[in-house]
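1. I'll drop the sequence and a predicted model, then ask my questions.
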Amino acid sequence: MSWKRILHHDRLRKIEGSFSWIDHRFITGGFLQDLSTIEILTSLGEAREGLIMRSLIAYEPPIYQVLSLPPHPVSPPTREEIRQRQRERNLYHLRKIREALQ
């Protein structure tokens, strides 16, 4: 059994009323695991980065935490901030690929 941990105790989300995030079988039923690296890194990676920058989720591989809403919406990043994050993400992935090849 894998144990999960809370990434941000001060931002615990409380569900009021009905709520649906994603079908749990997407993760446990092998759907996610069957996606190629490209399928996961492109749209999922960009979506994750956008949600992190807007302070809506926290992510520390492999754990995601949907955060409680911040007091006010977080402004979207500038184009330069987006480019910088993309460069950092690309460098991170290149390092991981190099490590795997060694």
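-> Structure's in. What do you need?
2. Do I have it right that residue 14 meets residue 68?
-> Yes. Residue 14 lies in contact with residue 68 (C-beta atoms under 8 Å); the separation is 6.9 Å. Just so you know, the C-beta spots here come from the backbone N, C-alpha and C atoms, and that holds for glycine as well.
3. the more surrounded of these two?
-> Neighbours per residue, other C-beta atoms under 10 Å: of residue 14 and residue 68, the larger number sits with residue 68, 14 against 5.
4. Next, residue 34: phi, psi?
-> phi -80, psi -10 (degrees, to the nearest 10).
5. Please tell me how far it sits from residue 98.
-> 26 Å (C-beta to C-beta, to the nearest Å).
6. Now do the helices in this protein.
-> Here the chain has its helices, by DSSP state H, at 25-28, 37-39, 45-53, 79-101.
7. Can you say which of those helices is nearest to residue 60?
-> helix 45-53 (10.7 Å; C-beta to C-beta).
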